[in-house]
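Participant: Have a look; sequence and predicted model below, questions after that.
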Amino acid sequence: MPVDWTSTRGRMLELELDHDPRTGRRAAVEAALREAIRSGRLRSGDVLPSTRSLAADLGLARGTIVDAYSQLAGEGWVTSRPGAATTVSATIERGDGVGPRRPANDRPATRPPAIAQPDVIGLSPGLADLGAFPRTQWTAAVRKVMQTAPDRVLGHVDPQGRLELRSALAGMLARARGVVADPERIVIVNGFTQGLALLSSVLRREGTPALAMEDPNLPQHRDVVTAAGLRVERVQVDEHGAKIEQLRDLTSTVFVTTPSHQHPLGMSLHPDRRASLLEWAIGCDGVVVEDDYDGEFRYDRQPLAALQARAPEHVIYAGTAGKALAVGLRLGWFVVPPGWVDRMVVAKRTADAGTAVIDQLALAEIITNGVYERHVRKMRISYRQRRDQLVAVLAERAPDVRVEGLAAGLHAVIRLPVGGPTEAEVVEAARAARLEVAALGPFWHRPGNHPPAVLVSYAAPPAHAFTATIERFADVLADATRSQRPSRR
Ligand SMILES: Cc1ncc(COP(=O)(O)O)c(C=O)c1O
């Protein structure tokens, strides 16, 4: 018998009846339900369709379904009470051809969560203070979207992104970062990572062999580029940021950079180098990808306007909601020169047909009603206080380390003393104290004799645990530093 769809109380149940004339219809329904339970499609507590609707959908007499349910109840597969829905028994477990009355906690293993060990406090860079996410305002924005958006909004998505969001971003980016940001130049992406992947796929399709990136940078970003089939060429970084003169010796005409706050080291690109970078891009008709991942968070100096403001035809400005709000939103924006719009939009459409529309509209709403910028202002004050506290606690408890990269952003670079512990030793000691910090090592393009350092987020720990967390980390550092013999390295 063909597959049937049954809908009851909003529940859909696909049943494939293997109708054998020798055993009859009732047995076929029973067998199909047993199989659905064994395979885990129906789980303990799931409500079965009413006998009337299942009979109607399968084209069988209601009595056949009543009898089948009652047989399964007798066998312990389902539970029926007069006047109540029939449900899959609480003691049922699925899998391996197992029958009823298995203990309910005997479920098959599920995939472990990506971020395990909830009792470990994450201090690796990358996360904002998630406890501060403006949940109430986001909920209000989603409610407003759902109450006001016409049905057609739920249809096919513009792969470039909703105009409401592109317009809201254009206004905010022009105001806050000086970006030349016509909504027509903006492409909405699922975070910077996807934007980089789209850009790489465009370049690859057009025959570009390589793309230049800062060394060090986020290893995951190098992976994105190489996964698209491009080679990564490196541009080294010193205390003034990327060494722009190295670009002239490379084949790449596209350079991905973090000029406002080098990631992960934390310096900003020297004004002379900003000028040479733009000269290079104009001279070779190339493109600078300005990854402004934490452009909102400046503490000790006036924010530098985006590079894009000075050469909008040669700079792709990339932003993300990951630092200002939460990385889990997976929302970002690429402001591209006019010649890039169609190429990026086609790549986006090919990749996933567009970003989830309710989230786009909710973000547009909180930018337009001022919540986004108020939240950024509030977090800037909070992160600055946290940063100052981290510096003070380390100075007091672990004076042998040097703390760098502090003028902006959400993390600090902790330089380990010469002759002190290795990065791996500090990471391990932190883990033993149930803290997760990142070694700088993997950020370098090539292994080498790099000065050891770890990266520590002061944004990520929950507010209630912040002081205790950084004190614990400072003690880990102090212990690790003390326990090293000077001859070790
Ligand atoms: C250098 C850099 N750029 C961009 C991002 C943002 O990436 P996404 O928007 O994909 O979360 C991050 C996130 O950690 C980052 O470290």
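Facilitator: Here it is on my side, so go on. Here the structure is a predicted model, which is why all the values come from computation and not from measurement.
Participant: To what extent is the residue of the stretch 51-200 of the chain found nearest the ligand buried, counted in neighbours?
Facilitator: Closest contact between the stretch 51-200 of the chain and the ligand, by CB to the nearest ligand atom, is at residue 191 (2.8 Å). Every residue, glycine included, has its C-beta placed from N, CA and C. When neighbours are counted by other CB atoms under 10 Å, residue 191 registers 21.
Participant: What pLDDT is listed against it?
Facilitator: What the model reports as pLDDT for residue 191 is 98.
Participant: Do I have it right that it meets residue 322?
Facilitator: Yes - at 6.0 Å, residue 191 counts as touching residue 322 under the criterion of CB atoms under 8 Å.
Participant: hey, what's in contact with both of these two?
Facilitator: Shared contacts of residue 191 and residue 322, defined by CB atoms under 8 Å, 6 or more residues apart in numbering, are found at 331, 332.
Participant: element containing residue 18?
Facilitator: Assigned by DSSP states H and E, residue 18 falls within no helix or strand.
Participant: Return the residues in contact with the residue of the stretch 51-200 of the chain closest to the ligand.
Facilitator: When contacts are counted by CB under 8 Å, 6+ apart, residue 191 touches 320, 321, 322, 327, 330, 331, 332.
Participant: can you rerun that using 6 Å?
Facilitator: 320, 322, 330, 332 (CB atoms under 6 Å, 6 or more residues apart in numbering).
Participant: In strands only, show me those.
Facilitator: Of the contacts of residue 191, the ones assigned to strands by DSSP state E are 320, 332.
Participant: can you list the contacts of residue 191 in TSV and add pLDDT and distance to residue 26?
Facilitator: Formatted as TSV, those follow (pLDDT from 0 to 100; distance: CB to CB, whole Å):
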residue	pLDDT	distance to residue 26
320	98	58
322	97	56
330	98	49
332	98	56
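Participant: May I see the ChimeraX selection of the buried members of the contacts of residue 191?
Facilitator: Under the burial definition 16 or more other CB atoms under 10 Å, those of these that qualify are selected in ChimeraX by:
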select :320,322,330,332
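Participant: ok, and of the contacts of residue 191, which contact the ligand?
Facilitator: Restricting the contacts of residue 191 to those near the ligand by CB under 6 Å from any ligand atom leaves 320, 322, 332.
Participant: quick revisit: now the two most distant members of the contacts of residue 191.
Facilitator: Using CB to CB, the contacts of residue 191 span at most 9.1 Å, a distance reached by 320 and 330.
Participant: Might you list the low-confidence residue ranges for the stretch 351-489 of the chain?
Facilitator: For the stretch 351-489 of the chain, residues meeting the criterion pLDDT under 70 lie at 484-489.
Participant: and the residue nearest to residue 320 when sequence neighbours are not counted, what does it touch?
Facilitator: Residue nearest to residue 320 in three dimensions, not counting chain neighbours: residue 332, with 4.1 Å by CB to CB, 6 or more residues apart in numbering. By CB under 6 Å, 6+ apart, residue 332 lies in contact with 189, 191, 192, 195, 320.
Participant: Residue 194 is in contact with the last one, correct?
Facilitator: So that's residue 320. No - counting by CB atoms under 6 Å, residue 320 does not reach residue 194; the two are 10.0 Å apart.
Participant: so residue 315 touches residue 308, yeah?
Facilitator: Yes - between residue 315 and residue 308 there is a contact at 4.0 Å, judged by CB under 6 Å.
Participant: anything in contact with each of those two?
Facilitator: Common neighbours of residue 315 and residue 308 (criterion: CB under 6 Å, 6+ apart): residue 290.
Participant: quick one, which of these two is more surrounded?
Facilitator: For residue 315 versus residue 308, neighbours defined as other CB under 10 Å are more numerous around residue 308 (29 against 26).
Participant: Contact partners for the more buried one?
Facilitator: Taking CB under 6 Å, 6+ apart, we find residue 308 in contact with 179, 290, 315, 317.
Participant: Am I right that it sits in a helix?
Facilitator: Yes - judged by DSSP: H, G, I helix; E, B strand; the rest coil, residue 308 forms part of a helix.
Participant: Surely residue 28 is in contact with residue 19?
Facilitator: Yes - using CB under 6 Å, residue 28 is in contact with residue 19, at 4.7 Å.
Participant: burial count for residue 338?
Facilitator: Other residues near residue 338 come to 11 when the count uses other CB under 10 Å.
Participant: Quick check: phi and psi at the nearest residue to it once chain neighbours are set aside.
Facilitator: In this structure, residue 338 finds its nearest non-sequential neighbour in residue 185, 6.5 Å apart by CB to CB, 6+ apart. For residue 185, the backbone dihedrals are phi -100, psi 0 (criterion: degrees, to the nearest 10).
Participant: go on, residue 48?
Facilitator: Main-chain dihedrals, residue 48, degrees, to the nearest 10: phi -80, psi 160.
Participant: Would you agree it is in contact with residue 84?
Facilitator: No - taking contacts as CB under 6 Å, residue 48 lies outside contact range of residue 84: 11.2 Å.
Participant: Can you say which helix or strand has the residue nearest to residue 228 when sequence neighbours are not counted in it?
Facilitator: Residue nearest to residue 228 in three dimensions, not counting chain neighbours: residue 200, with 3.5 Å by CB to CB, 6+ apart. Secondary structure from DSSP H and E places residue 200 in helix 191-205.
Participant: immediately after that helix, which helix or strand?
Facilitator: Moving toward the C-terminus from helix 191-205, the next helix or strand (DSSP H and E) is strand 210-215.
Participant: what packs against that following strand?
Facilitator: With contacts defined as 3 or more CB pairs under 6 Å, 6 or more residues apart in numbering; DSSP states H and E, the packing partners of strand 210-215 are strand 231-238, strand 254-257.
Participant: ok, which residues in the stretch 151-300 of the chain are in contact with the ligand?
Facilitator: Residues of the stretch 151-300 of the chain lying near the ligand by CB under 6 Å from any ligand atom: 191, 192, 193, 218, 258, 263, 291, 293.
Participant: hmm, try it at 5 Å
Facilitator: 191, 192, 193, 218, 263, 291, 293 (CB under 5 Å from any ligand atom).
Participant: can you put those in JSON lines and add distance to residue 350?
Facilitator: Listed next are these as JSON lines, based on distance: CB to CB, whole Å:
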{"residue": "191", "distance to residue 350": "18"}
{"residue": "192", "distance to residue 350": "19"}
{"residue": "193", "distance to residue 350": "17"}
{"residue": "218", "distance to residue 350": "24"}
{"residue": "263", "distance to residue 350": "28"}
{"residue": "291", "distance to residue 350": "23"}
{"residue": "293", "distance to residue 350": "25"}
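Participant: Which one (most neighbours) among the residues you listed?
Facilitator: Greatest neighbour count in these, by other CB under 10 Å, goes to residue 291: 29 neighbours.
Participant: What residues are bridge-paired with it?
Facilitator: In this structure, residue 291 bridges to residue 318 when assessed by DSSP bridges.
Participant: Strands along the stretch 351-489 of the chain, start to end?
Facilitator: Applying DSSP state E, counting those that start in this stretch to the stretch 351-489 of the chain gives strands spanning 402-404, 411-415, 435-436, 438-439, 453-457.
Participant: Can you list the helices and strands that the first one packs against?
Facilitator: In terms of contact count using 3+ CB pairs under 6 Å, 6+ apart, strand 402-404 is assigned the packing partners strand 411-415.
Participant: Can the strand it packs on be said to contact the ligand?
Facilitator: No - contact of strand 411-415 with the ligand (CB under 5 Å from any ligand atom) is absent, the minimum separation being 9.1 Å.
Participant: I'd guess residue 288 is in a strand, am I close?
Facilitator: Yes - according to three-state DSSP, residue 288 belongs to a strand.
Participant: Can you give me the pLDDT of it?
Facilitator: pLDDT, residue 288: 98.
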